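Asks: All I have is the shape, not the residue letters:
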């Protein structure tokens, strides 16, 4: 699992950054070209998907940084 820690952290960080940028740009009235398909879900569905992307990114960064084998339950 240690070899995937950097990969999980980078992917999680990208999810967080792209999610926050997509939310901010949506308030301005612009969309990323690769996220344009989210408009098919409607306004609320697209917003919730972007929020889910940010939360998933935080979870991935957390799992990428925490050593679960040394944690006590």
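Replies: Happy to help now that I have it. Only a predicted model underlies this, so the values are computations on that prediction, with no experimental measurement involved.

Asks: Quick one, grab the pLDDT at the most centrally placed residue in the chain.
Replies: Central residue of the chain (Cα atoms, centre = their mean): residue 15, 2.9 Å from the mean position. pLDDT recorded at residue 15 is 96.

Asks: Can you pull the phi/psi pair for it?
Replies: For residue 15, the backbone dihedrals (degrees, to the nearest 10) come out as phi -60, psi -40.

Asks: List the residues that contact it.
Replies: 53, 54, 56, 57, 60 (Cβ atoms under 8 Å, 6 or more residues apart in numbering). C-beta: built from backbone N, CA, C; applies to glycine.

Asks: all helices for the protein, in order.
Replies: Ranges of helices in the chain, per DSSP state H, are 5-28, 42-65.

Asks: Take the ones you listed and lay them out in TSV including distance to residue 36.
Replies: Converted to TSV, these look like this (distance: least, Cβ to Cβ, whole Å):
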stretch	distance to residue 36
helix 5-28	11
helix 42-65	10
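
Asks: Leaving out sequence neighbours, find the closest residue to the residue nearest to the centre of the chain.
Replies: Closest residue in space to residue 15, ignoring its immediate chain neighbours: residue 57 at 3.0 Å, by Cβ to Cβ, 6 or more residues apart in numbering.

Asks: contacting residues for the nearest residue to residue 53 once chain neighbours are set aside?
Replies: Leaving aside its chain neighbours, residue 53 sits nearest to residue 19 (3.9 Å; criterion: Cβ to Cβ, 6+ apart). Shown in contact with residue 19 (Cβ under 8 Å, 6+ apart): 50, 51, 53, 54, 57.
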